[in-house]
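Participant: 3D, please:
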Amino acid sequence: MNSPLISDEVDLLQSLVDLEQHRRIVELGCGAAELSRKLLARFATCEVTGLEVDERQHAKNLLNSAERLHFIQAGAQAIPFAGEGFDLALMLKSLHHVPLDQMHQALSEIHRVLRPHGLLYVSEPVFSGALNEVMRLFHDEERVRAAAMRTVHEAVASGAWEQLTERFFDMPVHFQDFADFERRMVGVTYLNHRLDAPSLAAVRSRFEPHMTETGASFVRPMRVNLLRKR
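Facilitator: Numbering: from 1, shown residues only. Next up is the predicted model:
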């Protein structure tokens, strides 16, 4: 059975979570907080605190702040807030970026800062697909993505969390050309990709067959696990 194609993940989040009731939100590893910004535009009563460890991205966020959106430089494994202050925690392609030996600590911290029966929405890329085959030439995430999913399953098995649902979907990803891909995927600030000329040429060679007159289009397979704090 094919997974549904979802271009705006706020639609999926909204279908799974009552955002009128889960208004106090923390996003862990928020990046530029694109989903949170969209969420706030739709739900006037929500408020989001975004945590980001990357100094350069955090500085950009502070320059691009918005009403009801607050930024803190911190990681999910050490959340600088008192317990039970949030209704909903979001991890959007960020759990696998937590250091391997601190993933369980991150989920424990999230459990601590959520109110009783608060929700954790974990959205992670599945290690498959054509875009993944391009990316793995210089950034192979097979091990960390598997560790992230194992951490989620072990957290549920521990009894601390109840899994409400697991969903799979495909997210479209489009690049105008290889320069666009290089800027967005190779030149990210939270990773230190320094590709020499032969390595970059190999990546280009794997990317170029996907180019058309309108650019290169991919689908990224995704998995969402929605957990509730017990």
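
Participant: what does the model give the residue nearest to residue 106 when sequence neighbours are not counted for pLDDT?
Facilitator: In this structure, residue 106 finds its nearest non-sequential neighbour in residue 76, 3.9 Å apart by CB to CB, 6 or more residues apart in numbering. Where you see a C-beta, it was placed from the backbone N, CA and C, and this is true even at glycine. With respect to pLDDT, residue 76 scores 98.

Participant: Check the one 3 residues further on too.
Facilitator: The pLDDT attached to residue 79 in the predicted structure is 98.

Participant: what do you get for residue 190?
Facilitator: pLDDT at residue 190 comes out at 54.

Participant: Number the residues from 15 up from this point.
Facilitator: Okay, residue one is now 15; in that scheme the one you just asked about reads as residue 204.

Participant: one step back: check the gap between the residue nearest to residue 120 and residue 125 for me.
Facilitator: Separation of residue 90 from residue 125 (CB to CB, to the nearest Å): 11 Å.

Participant: Between these two, tell me which one has more neighbours.
Facilitator: residue 90 (26 against 19; other CB atoms under 10 Å).

Participant: any idea how far residue 240 is from that one?
Facilitator: 17 Å.

Participant: Longest helix in the chain, please.
Facilitator: Criterion DSSP state H: the longest helix present in the chain is helix 156-171.

Participant: Which SSE is immediately downstream of it?
Facilitator: Sequence order places strand 175-189 as the next helix or strand after helix 156-171, per DSSP states H and E.

Participant: So which elements touch that following strand?
Facilitator: helix 23-30, helix 156-171, strand 229-243 (3 or more CB pairs under 8 Å, 6 or more residues apart in numbering; DSSP states H and E).

Participant: OK, contacts around residue 218?
Facilitator: By CB atoms under 8 Å, 6 or more residues apart in numbering, the residues touching residue 218 are residue 192.

Participant: Give me the buried positions along the helix or strand where it lies.
Facilitator: Following DSSP H and E, one finds residue 218 within helix 211-221. By neighbour count on 16 or more other CB atoms under 10 Å, the buried set for helix 211-221 is 214, 217, 221.

Participant: Name the member of the residues you listed with the shortest distance to residue 73.
Facilitator: residue 214 (27.3 Å; CB to CB).

Participant: Next one: that closest one from residue 153, what distance?
Facilitator: 13 Å.

Participant: Pass me the low-pLDDT residue ranges in this protein, would you?
Facilitator: 15, 202-207 (pLDDT under 70).

Participant: again, only this time at 50
Facilitator: By pLDDT under 50, the chain contains no weakly predicted segment.

Participant: Let me see the contact set for residue 18.
Facilitator: Residue 18 neighbours (CB under 8 Å, 6+ apart): 183, 184.
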